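Participant: Sequence first, predicted coordinates after that:
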Amino acid sequence: DVQMTQSPSNLAASPGESVSINCKASKSISKYLAWYQQKPGKANKLLIYSGSTLQSGTPSRFSGSGSGTDFTLTIRNLEPEDFGLYYCQQHNEYPNTFGAGTKLELK
Amino acid sequence: QVQLKETGPDLVQLTQTLSITCTVSGFSLTTYNVHWVRQPPGKGLEWMGAMWNGGGTDYNSAFKSRLSISRDTSKSQVFLKMNSLQTDDTAKYFCARSVARGVMDAWGQGASVTVSS
């Protein structure tokens, strides 16, 4: 199975700042990396897939980059609603596997 | 409006069988795939398996032969059944839909299950 290593596990930032979350695959997954947001009481939300394609409805302050084994989610000009948990997922092969998550907290 | 809703027991006894139903609306099970993903308390997400839109299934080998996924298209329902439950099966169980390559664009809110001895 492809192992996904996500970093950092915790991140504190203020509204208006920019942050980056990294995800590293144990082998090449081409461009097939997705990012999800998880918040208490809400359904998980797909933000980005295939490395850099924004899901319909995802604000443009979110961007994804990378290919092969190294990927980054960047959030610019943080809004209050952006705080929560973020997970990467490789969707290149089954079993799909997820990173351990990054908790983005208000500083 | 696309919706997925998981229903199942809150508590299951050790070694018993877990059954959870995912009822969907706003889309067809013959067009979209439905995945099962679980999340133990305070931990990350784990893909369990999928019901493909054509009716086939795929499973994470981590669950060996314990897991079974089926569906009733007439009721827009997908079923998860897992036997021989252990305490580390305590988790929130999600169903999610995808159109291709495991990209899950809609999720249910999850069903929390505790395995008790």
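Facilitator: Right, received. Where do you want to start?

Participant: Spatially nearest residue to B:Ser61 (excluding sequence neighbours)?
Facilitator: Using C-beta to C-beta, 6 or more residues apart in numbering or on different chains and skipping residues adjacent in sequence, the residue nearest B:Ser61 is A:Pro95, 7.4 Å away. Bear in mind the C-beta positions are built from the backbone N, C-alpha and C, glycine included.

Participant: for that neighbour, what are its contacts?
Facilitator: Going by C-beta atoms under 8 Å, 6 or more residues apart in numbering or on different chains, A:Pro95 touches A:1, B:47, B:60-62.

Participant: So which of those sit within strands?
Facilitator: B:Trp47 (DSSP state E).

Participant: How far does stretch A:50-60 stretch from one end to the other?
Facilitator: As for stretch A:50-60, its first-to-last residue distance stands at 16 Å under the measure C-alpha to C-alpha, to the nearest Å.

Participant: Let me know the average pLDDT across that stretch.
Facilitator: Predicted confidence along stretch A:50-60 averages 97 (mean pLDDT).

Participant: count of neighbours near the closest residue to B:Ile20 other than its chain neighbours?
Facilitator: Computed as C-beta to C-beta, 6+ apart, the closest residue to B:Ile20 that is not its neighbour in sequence is B:Gly8, at 3.5 Å. Residues within reach of B:Gly8, counting by other C-beta atoms under 10 Å in any protein chain shown, total 16.

Participant: B:Ser19 is in contact with B:Gly8, correct?
Facilitator: Yes. Counting by C-beta atoms under 8 Å, B:Ser19 is a contact partner of B:Gly8 at 6.3 Å.

Participant: Contacts only, for B:Ala111.
Facilitator: B:6-8, B:20, B:92-94.

Participant: Against B:Val34, how distant is it?
Facilitator: The spacing between B:Ala111 and B:Val34, counted by C-beta to C-beta, to the nearest Å, is 14 Å.

Participant: which element is the one residue sitting closest to the centre of chain A on?
Facilitator: With distances taken as C-alpha atoms, centre = their mean, the residue of chain A nearest its centroid is A:Trp35 (3.7 Å). Secondary-structure assignment from DSSP states H and E places A:Trp35 in strand A:33-38.

Participant: List the buried residues for that strand?
Facilitator: Under the neighbour-count criterion of 16 or more other C-beta atoms under 10 Å in any protein chain shown, strand A:33-38 has A:33-38 buried.

Participant: For that strand, the averaged confidence score.
Facilitator: Taken as a whole, strand A:33-38 carries a mean pLDDT of 98.

Participant: what does stretch B:29-44 give?
Facilitator: Stretch B:29-44 shows a mean pLDDT of 97.

Participant: which other residues reach that stretch?
Facilitator: Contacts of stretch B:29-44 with the rest of the structure, by C-beta under 8 Å, 6+ apart, involve A:87, A:96, A:98-101, B:4, B:22, B:24, B:45-54, B:69, B:71, B:73, B:76, B:78, B:80, B:88, B:90-99, B:102, B:104, B:110.

Participant: So what pairs up with the residue nearest to A:Ser63 when sequence neighbours are not counted in the strands?
Facilitator: If the residues on either side of it in the chain are set aside, A:Ser63 comes closest to A:Thr74, at 5.0 Å by C-beta to C-beta, 6+ apart. Beta-bridge partners for A:Thr74, by DSSP bridges, are A:Ser20, A:Ser63.
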